[in-house]
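> With the input below, show me the fold.
(3 chains)
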Amino acid sequence: MPKKLNRSFYARNTVEVAKDLLGKVLVHRIGEKELKGRIVETEAYIGAIDKAAHCYNNRRTERTEVMFGPPGHAYVYIIYGIYHCLNIITQKEGEGAGVLIRAIEPIKSLEQMAVNRYGKDLSELNKRQLKNLTNGPGKLTMAMKITKKNYGDDLTGDRLFILDDGYKSFKIAKSKRINVDYAEEAKDFEWRFFIKDNPCVSK
DNA sequence: GTATGGATTGTC
DNA sequence: ACAATCCATACT
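Presented below is the predicted three-dimensional model:
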């Protein structure tokens, strides 16, 4: 039986959580529908020491407030005025840290994801559209219909949560994070983790 | 009120 | 390689 990740899973060092989230299953329930995807790429952000983090230097705004709350909640923000990004809050309340979910492998309700991404039936998608369904932070939120309505969602609840189904036959690779060149020394932190050779990892 | 730039994506 | 696109933030 797959098991829902509990609060203590998230209440640990962010880099450890980022690695351990790989292979887990992200679930979003919308009414009767259930969308699922396996997490294949993550990035860690730790406000206390990380100039790339929105909450660096204890920067508390309306947007970042949830990052300073208890772990196991969703931080959803809008990037470039267009796309949404999903983060999972980690460590202890007040610390300001989280994990960006950068890519998933679709598992369930691919028909709905096709409609959410392209407004088309799954059978009408070409090869490239299929490959690009959820292989990026903005793409997966669009496919799973994760929006600012999910801001602050408690992942121990029943709307948005993460399952451990025991999948662990993979190797973890790491690299520098994507698009944080402005972050001075923090741009070189190797805090991006992904499942080696998985086709759904971002480009 | 105004200016600035971004934890991205799609197209050229 | 670069434009699209607009919200959140910082500053006046």
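> Regarding whichever residue of chain A sits closest to DNA strand C, which helix or strand does it belong to?
Using CB to the nearest atom of the strand, the closest approach of chain A to DNA strand C is made by A:Gly81 at 2.1 Å. C-beta coordinates here come from the backbone N, C-alpha and C atoms, glycine included. Under the criterion DSSP states H and E, no helix or strand holds A:Gly81.
> In contact with it, which residues?
Taking CB atoms under 8 Å, 6 or more residues apart in numbering as the definition of contact, A:Gly81 has no neighbours.
> Next, work out how far apart it and DNA strand B are.
Applying CB to the nearest atom of the strand, to the nearest Å, one obtains 4 Å for the distance of A:Gly81 from DNA strand B.
> What separation is there between that residue and A:Gly138?
Plainly put, A:Gly81 is 11 Å away from A:Gly138 if you go by CB to CB, to the nearest Å.
> Can you tell me which residues in chain A are near DNA strand C?
Taking CB under 7 Å from any atom of the strand as the contact definition, chain A meets DNA strand C at A:54, A:59, A:61-64, A:77-78, A:80-82, A:148.
> Any of those residues buried? List them.
A:54, A:63-64, A:77 (16 or more other CB atoms under 10 Å).
> farthest pair in those?
The most widely separated members of these are A:Thr64 and A:Tyr77, with 8.4 Å between them, by CB to CB.
> Next, find the distance separating the residue positioned nearest the centre of chain A from DNA strand B.
The residue at the geometric middle of chain A, judged as the C-alpha nearest the mean C-alpha position with CA atoms, centre = their mean, is A:Ile101 (1.9 Å). When distance is defined by CB to the nearest atom of the strand, A:Ile101 is 9 Å away from DNA strand B.
> List the contacts of the residue nearest to that residue when sequence neighbours are not counted.
In space, not counting the residues next to it along the chain, A:Ile101 is nearest to A:Leu86; the distance is 4.8 Å by CB to CB, 6 or more residues apart in numbering. If a contact means CB under 8 Å, 6+ apart, then A:Leu86 has A:74-76, A:100-101, A:137, A:140-141, A:146, A:150 as its contacts.
> hmm, try it at 6 Å
With contacts defined as CB atoms under 6 Å, 6 or more residues apart in numbering, A:Leu86 is in contact with A:76, A:101, A:141, A:146.
> What is the burial count for the residue lying closest to A:Ala11 once chain neighbours are set aside?
Take A:Ala11 and drop its neighbours on the chain: the residue closest to it by CB to CB, 6+ apart is A:Pro71, 4.5 Å away. Other residues lying near A:Pro71 total 23 when counted by other CB atoms under 10 Å.
> pretty sure A:Pro71 is touching A:Lys92, no?
No. With contact defined as CB atoms under 6 Å, A:Pro71 and A:Lys92 do not form a contacting pair (7.1 Å).
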